[in-house]
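> what follows is a predicted protein model with its sequence.
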Amino acid sequence: SGDIVVLADYLPGDVAPGDLLAVPATGAYCWAMANNYNYLARPAVVAVRDGVARVIVRGETEADLLSRDAGIRSTGVTEAISVTEQGAP
């Protein structure tokens, strides 16, 4: 997408990959509104208090994304898989 959260801002010279960055007041770009658009995993949620960062919701993994994938049966004929076949009530 072409959405931009921060435009033309600079980071301090001592920022390195893996450092924690906070981008406050992102509106719809918050964790509660996150989805798996383009099959991207949601990031972790990190709380910071008194300079100490702690993960309070772990980030999703590829396995998390694939765990809900029902897959496609190869029968030579296009068919829908019913909800009852998937074990749903």
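Looks like it arrived, so ask away.
> in the protein, which spans are strands?
Ranges of strands in the chain, per DSSP state E, are 45-49, 52-57.
> confidence-wise, which of those is weakest overall?
Mean pLDDT is lowest for strand 45-49 among the strands of the chain, at a mean of 87.
> check Ser67 and give its pLDDT.
Confidence at Ser67, expressed as pLDDT, is 88.
> for it, give its distance to Arg58.
Applying C-beta to C-beta, to the nearest Å, the value for Ser67 to Arg58 is 14 Å. For the C-beta atoms, the positions are set from N, CA and C on the backbone; glycine is no exception.
> what do you get for Leu20?
Distance, Leu20 to Arg58, by C-beta to C-beta: 15 Å.
> which one of those two has more residues nearby?
The neighbour comparison of Leu20 against Arg58 (other C-beta atoms under 10 Å) goes to Arg58, with 11 against 8.
> lowest-confidence helix or strand of this protein?
Evaluated with mean pLDDT, DSSP states H and E, the helix-and-strand set of the chain has its lowest mean pLDDT in strand 45-49, which scores a mean of 87.
> please list all residues in contact with the most centrally placed residue in the chain.
The residue lying closest to the centre of the chain (C-alpha atoms, centre = their mean) is Arg42, at 1.1 Å. By C-beta atoms under 8 Å, 6 or more residues apart in numbering, the contact set of Arg42 is Trp31, Ala34, Asn35, Asn36, Gly59, Glu60.
> what's the neighbour count on Gly27?
If you count neighbours by other C-beta under 10 Å, Gly27 ends up with 7.
> look up how far Ala16 lies from it.
For Gly27, the distance to Ala16 (C-beta to C-beta) stands at 28 Å.
> do the same with Ala32
Counting by C-beta to C-beta, the separation of Ala32 from Ala16 is 29 Å.
> for Val6, same thing?
Counting by C-beta to C-beta, the gap from Val6 to Ala16 is 18 Å.
> residues touching the residue lying closest to Ala44 once chain neighbours are set aside, list them.
Leaving out its chain neighbours, the residue that sits closest to Ala44 by C-beta to C-beta, 6 or more residues apart in numbering is Gly59, at 3.8 Å. Contact partners of Gly59, counting by C-beta under 8 Å, 6+ apart, are Ala41, Arg42, Pro43, Ala44.
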